[in-house]
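Visitor: Whatever this is, show me its structure:
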Amino acid sequence: MYSSQLCSIIAVIQNLLLAAAQDVPGQPIENDWAPEPFTDFTKNILFYREADAVNWHTLYARTLQLPNESLLITWENYPAEPPLVNHPIWKSDDGGATWYNYSQIEDQVNGWGLRFQPFLYTLPIDFGGYPAGTILAAGVSCPFSLEGGVWIELYASTDLAKTWTFVSHVAYGVGPETIANGDKALWEPFIVLYNNQIVIFYSDQTDPAHSQKLVHKTTDNLVTWSDAAPDVAFARQADRPGMTTVAHIESTDKWIMTFEYCGVGGCRVHYKVADSPLLFDAAEATELHTNDTSLTTGTSGPYVIWTAHPDRDDGSGLIIISASNREWVFVGEDDADPEGWKRVETNHWSAYSRSLRVVMIKGKKKLLYANGGNFGPGYLNSVACAVQPIPR
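Guide: Numbers count the residues shown, from 1 in each chain. Below is the predicted model of the structure:
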């Protein structure tokens, strides 16, 4: 499925991640327990790889919560093809304790499949002809061979993720869809709503001046998209920032962006803070590290959220960042002080781009972790989740 050049690059990245993750135990193949419904738990494996799965089997899990507090999860899935690969949607009606196959997002336009980095987002307002509550799904479509083109695609569901309809092409690259320097690939869409625009951030390899840079596009109708605007691009051509995630710091009305900085940055996690999610390009990048004497950094696959502080009523909150090589999370105050990031244990596995979401479980705020596995041996990979109190 993958070119020999990509496989050699993947092997190098795997070795780097494994070396950086000495404190992360491998996850077991199967659960020997089941959590009680609507309780706190960790290390709950909800999906095992299929018997004919290839490559990493599962990767890159993302979640969403519906108005009735049920949960959705999707991930990169790698069964043997045909039929074409798609983005599965599983659902939990009991606070993440048990899950079932609910629907799937299929490629309706390219005949390639939906292959990489799904992302789910609920429209909070009427937008582009779709009512509030519509679920948007962005993902990467490319052929099985990884050659012949790549699209970042947008789909929508108006029936709470049961059925899906193609909306628009967001961005195109000629491929091949590999991480090799010079290949015109696209990766990792992330959606926010800002100032009556939908913004999609993504990683872009189509500019020959940069092995990879981070950009965004905007739309006011979900059909036509602006030109790509830069968010992170380094002067050294071989450097690769990647994996944008963004959160609104509501107490200060600022925005924070996290990314990995591969190349000179060694894939360590960095972040930017700006007055608008459209202005990250002008903001300074700061390396993330703990505020103890170790100054421990995070490596690869960051994910950031903001939430109101569970112990305060003054409107202040907490910024929480996950990194692929750490089971624990970084927790900081609203000012995103570079010297203010605490290490908070989770007792839950790390994962490649482990995602975070604040959810309501029986009316109480909890933090939902979602894992698709690590960017390493596929036999270790499965989809897992945890539900815990907000770390602080």
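Visitor: in terms of contact count, name the helices or strands touching the helix or strand that contains residue 42.
Guide: Taking DSSP states H and E as the definition, one finds residue 42 inside strand 41-48. Applying 3 or more CB pairs under 8 Å, 6 or more residues apart in numbering; DSSP states H and E, we find strand 41-48 packed against strand 87-92, strand 382-388. All C-beta atoms are positioned from the backbone trio N, CA, C, and that covers glycine.
Visitor: following the first one, which helix or strand shows up next?
Guide: This means strand 87-92. Proceeding C-terminally, strand 87-92 gives way to strand 100-105 as the next helix or strand, assigned by DSSP H and E.
Visitor: hmm, back to that, what angle do the strand holding residue 42 and strand 382-388 make?
Guide: Here the directions of strand 41-48 and strand 382-388 differ by 150 degrees (axes from the mean of the first three to the mean of the last three CA atoms, to 10 degrees).
Visitor: how about strand 41-48: buried residues?
Guide: Within strand 41-48, the residues that count as buried by 16 or more other CB atoms under 10 Å are 41, 42, 43, 44, 45, 46, 47.
Visitor: likewise stretch 178-190?
Guide: Result for stretch 178-190 [16+ other CB under 10 Å]: buried residues 178, 179, 183, 184, 185, 186, 187, 188, 189, 190.
Visitor: Now go through the residues you listed and say which are in helices.
Guide: Residues of the buried residues of stretch 178-190 located in helices (DSSP state H): none.
Visitor: Which residue ranges of the stretch 1-150 of the chain form helices?
Guide: Applying DSSP state H, counting those that start in this stretch to the stretch 1-150 of the chain gives helices spanning 4-20.
Visitor: any low-confidence regions in it?
Guide: Counting by pLDDT under 70, the stretch 1-150 of the chain has low-confidence residues at 1-32.
Visitor: hmm, try it at 90
Guide: 1-34, 49-52, 54-56 (pLDDT under 90).
Visitor: all strands of the stretch 201-350 of the chain, in order?
Guide: Per DSSP state E, counting those that start in this stretch, the stretch 201-350 of the chain carries strands over the ranges 213-219, 229-232, 240-249, 254-262, 268-274, 286-287, 303-308, 317-322, 329-332, 342-344.
Visitor: can you tell which of those strands is closest to residue 154?
Guide: Among the strands of the stretch 201-350 of the chain, strand 213-219 comes nearest to residue 154, with 8.8 Å by CB to CB.
Visitor: Could you spell out the sheet neighbours of the closest one, each with its direction?
Guide: strand 197-204 (antiparallel), strand 229-232 (antiparallel) (DSSP bridges).
Visitor: Quick one: the helices and strands packed on strand 41-48 as a markdown table, columns for distance to residue 81 and mean neighbour count too.
Guide: As requested, those are exported to a markdown table (distance: least, CB to CB, whole Å; neighbours: other CB atoms under 10 Å):
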| stretch | distance to residue 81 | mean neighbour count |
| --- | --- | --- |
| strand 87-92 | 14 | 23 |
| strand 382-388 | 19 | 24 |
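Visitor: just to revisit the earlier point, now the strands of the stretch 201-350 of the chain as a markdown table including distance to residue 83, mean pLDDT and mean neighbour count?
Guide: As requested, the strands of the stretch 201-350 of the chain are exported to a markdown table (distance: least, CB to CB, whole Å; pLDDT from 0 to 100; neighbours: other CB atoms under 10 Å):
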| stretch | distance to residue 83 | mean pLDDT | mean neighbour count |
| --- | --- | --- | --- |
| strand 213-219 | 30 | 98 | 22 |
| strand 229-232 | 36 | 98 | 20 |
| strand 240-249 | 29 | 98 | 24 |
| strand 254-262 | 33 | 98 | 23 |
| strand 268-274 | 37 | 98 | 22 |
| strand 286-287 | 43 | 98 | 14 |
| strand 303-308 | 30 | 98 | 22 |
| strand 317-322 | 33 | 98 | 24 |
| strand 329-332 | 37 | 98 | 24 |
| strand 342-344 | 42 | 98 | 16 |
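Visitor: and residue 37, which of those is closest to it?
Guide: Using CB to CB, the nearest of those to residue 37 is strand 303-308, at 23.3 Å.
Visitor: Show the secondary-structure elements that that closest one is packed against.
Guide: strand 240-249, strand 254-262, strand 317-322, strand 355-361.
Visitor: what's the offset of the strand holding residue 42 from the middle of its chain?
Guide: 18 Å (CA atoms, centre = their mean, to the nearest Å).
Visitor: Could you tell me the angle between it and strand 87-92?
Guide: Going by the same axes, to 10 degrees, strand 41-48 makes 130 degrees with strand 87-92.
Visitor: what's in contact with strand 41-48?
Guide: 27-31, 34-35, 58, 73, 75, 88, 90, 92, 96-99, 346-349, 369, 382-388 (CB atoms under 8 Å, 6 or more residues apart in numbering).
Visitor: re the thing from before, dump the strands paired with strand 213-219 to a markdown table, plus distance to residue 284.
Guide: Output for the strands paired with strand 213-219, formatted as a markdown table (distance: least, CB to CB, whole Å):
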| stretch | distance to residue 284 |
| --- | --- |
| strand 197-204 | 18 |
| strand 229-232 | 11 |
